[in-house]
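Asks: turn this into a structure:
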Amino acid sequence: KEGNVWPMVKEKALERINSILSAWGFGTTFSHSFRIGGASYYLAQKVDPEIVPIAGRWRSLAYEAYIRSF
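Replies: Numbering: from 1, shown residues only. Here you go, the predicted structure:
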């Protein structure tokens, strides 16, 4: 709506991202991919490993199994 700012909820954000990816010929993605990518990026940037699960709302150290190198 013109002049108003509305928060984008996860489902709508993912829907928009996937429509853009589809238009460019890429497959769809899932919100979990962003959490994995964020954790990997933070660690690549030398962020304290104790901060990573907090920032990504991981309840355990399970994120460590998903870490990718850049």
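Asks: most centrally placed residue in this structure?
Replies: F34 (1.8 Å; C-alpha atoms, centre = their mean).
Asks: which residues touch F30?
Replies: Applying C-beta atoms under 8 Å, 6 or more residues apart in numbering, we find F30 in contact with L14. Glycine gets a C-beta too; all of them are placed from N, C-alpha and C.
Asks: let's go with 7 Å and repeat that
Replies: With contact set as C-beta atoms under 7 Å, 6 or more residues apart in numbering, F30 has no partners.
Asks: so how far is G37 from it?
Replies: Note on F30: its distance to G37, by C-beta to C-beta, to the nearest Å, is 11 Å.
Asks: also M8?
Replies: Distance from M8 to G37, counting by C-beta to C-beta: 18 Å.
Asks: cool, A13 as well?
Replies: 14 Å.
Asks: can you pull out the low-pLDDT segments for this protein?
Replies: Residues of the chain meeting the criterion pLDDT under 70: 1.
Asks: need the strands for it, in chain order.
Replies: Counting by DSSP state E, one finds no strands in the chain.
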